[in-house]
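J.: Build me a model from this:
(one chain, ligands or ions: 1)
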Amino acid sequence: MAKMALAIHGGAGTIVRSAMTPELESEYRGGLEAALKAGWEVLDRGGSALDAVEEAVTSLEDFPLFNAGRGSVFNHEGKNEMDAAIMDGSRLKAGAVAFVRNVKNPIKLARLVMEKTEHVLLAGDGAIQFAEEMDVELRDNAYFFTQHRWQQLEDAIAAGKVQLDHAAGKPVGTVGAVACDSQGRLAAATSTGGMTNKKFGRVGDTPIIGSGTYADRTCAVSGTGHGEYFMLGVTAFDVAARMKYKAITLEVAARETIDHLTSIGGEGGLIAVDTHGNVILPFNSEGMYRASIVDGVSIIDIYK
Ligand code: ASP
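T.: Prediction:
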């Protein structure tokens, strides 16, 4: 039996202690803890890594402080456009959605793309049409409205900037999960509202297999940070490729990948797990909301 492990993140960026109140911090920790518990329960009862990451990310999407699902940031037009991806390492199968609106849990829609279509990535109106056919839960715009997100948009418009969520001194972020189940199977899932004030149908790294999300029989990876650089660095796949081609450990590979991300100007972090249940959560930003549980022992952390 393999060592079971689950890691989750709630975004990386400029997360500074001075911008945080004890109440807010305990809310974030509560959100991470609930997601960790939801995913771990699946593994603990002998469930698959795939179901565990879907469960954990669904919990994070329902939590309004993270930039995914309910708490998604607003684009330039004041709308929420969400991206998500899920990948099953043992079957080398993936499903992703980009640019979707009003879907309560984009990660569930991504899973359906993987299980029910011959495709990997569905975007925009077509993805919504697919969601309707699959009877996926939809919500009206009011469900996705949070005052602090609206304020972020107004600030970003005033500053003329497209903002990485957590760069605003209001620490909140994209979510993701990676897991290794009792059979040593690996899976990864990531979900995001993208960047505040994004325009022109901008899609980030999250739904791009190999950039923000990747899993095979070597490792499972979920990233968070400035998506454009994760695409340029093919960051999630880079960890798996380094392990395979250089025959190095997950830890060394993940650190090299983050060094490479830094060298090309990218800010962010990732969570990764290998088939032995080793977990690593490296980042080059000031902080990353993160938590992991290995063999029943958990940690939750925010700052460096
Ligand atoms: N990577 C996400 C994107 O660029 C944002 C984030 O991780 O906060 O869409």
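
J.: how about the residue lying closest to Val234 once chain neighbours are set aside, phi and psi?
T.: Distances taken as CB to CB, 6 or more residues apart in numbering place Gly210 nearest to Val234, at 5.2 Å, with adjacent residues excluded. Just so you know, the C-beta spots here come from the backbone N, C-alpha and C atoms, and that holds for glycine as well. The phi/psi pair for Gly210 (degrees, to the nearest 10) reads phi 100, psi -20.

J.: burial count for Gly210?
T.: 20 (other CB atoms under 10 Å).

J.: these two touch, right, it and Phe230?
T.: No - counting by CB atoms under 8 Å, Gly210 does not reach Phe230; the two are 9.5 Å apart.

J.: So for these two, which residues contact both of them?
T.: Residues touching both Gly210 and Phe230 (CB atoms under 8 Å, 6 or more residues apart in numbering) are Ala236.

J.: Any idea how many residues pack against the residue of the stretch 51-200 of the chain found nearest the ligand?
T.: For the stretch 51-200 of the chain, the residue closest to the ligand is Thr174, as judged by CB to the nearest ligand atom, at 3.3 Å. Neighbour count for Thr174, taken as other CB under 10 Å: 37.

J.: Pull the contacting residues for it.
T.: 9-11, 66-68, 165, 190-193, 206, 224.

J.: Those in strands, which ones?
T.: His9, Gly10, Gly11, Thr190, Ser191, Thr192, Thr224 (DSSP state E).

J.: can I get these in JSON lines with neighbour count, distance to the ligand and pLDDT?
T.: Below are the ones in strands among the contacts of Thr174 laid out as JSON lines (neighbours: other CB atoms under 10 Å; distance: CB to the nearest ligand atom, whole Å; pLDDT from 0 to 100):
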{"residue": "His9", "neighbour count": "30", "distance to the ligand": "9", "pLDDT": "97"}
{"residue": "Gly10", "neighbour count": "30", "distance to the ligand": "10", "pLDDT": "96"}
{"residue": "Gly11", "neighbour count": "30", "distance to the ligand": "5", "pLDDT": "94"}
{"residue": "Thr190", "neighbour count": "38", "distance to the ligand": "8", "pLDDT": "98"}
{"residue": "Ser191", "neighbour count": "34", "distance to the ligand": "10", "pLDDT": "97"}
{"residue": "Thr192", "neighbour count": "31", "distance to the ligand": "5", "pLDDT": "95"}
{"residue": "Thr224", "neighbour count": "35", "distance to the ligand": "4", "pLDDT": "96"}
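
J.: residue boundaries of the helices in the stretch 201-304 of the chain?
T.: Listed in chain order, the helices of the stretch 201-304 of the chain (DSSP state H, counting those that start in this stretch) span 227-232, 235-246, 250-263.

J.: Same list, the ones you listed, but as JSON lines with mean neighbour count and distance to Arg17 please.
T.: Listed next are the helices of the stretch 201-304 of the chain as JSON lines, based on neighbours: other CB atoms under 10 Å; distance: least, CB to CB, whole Å:
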{"stretch": "helix 227-232", "mean neighbour count": "21", "distance to Arg17": "25"}
{"stretch": "helix 235-246", "mean neighbour count": "21", "distance to Arg17": "27"}
{"stretch": "helix 250-263", "mean neighbour count": "19", "distance to Arg17": "22"}
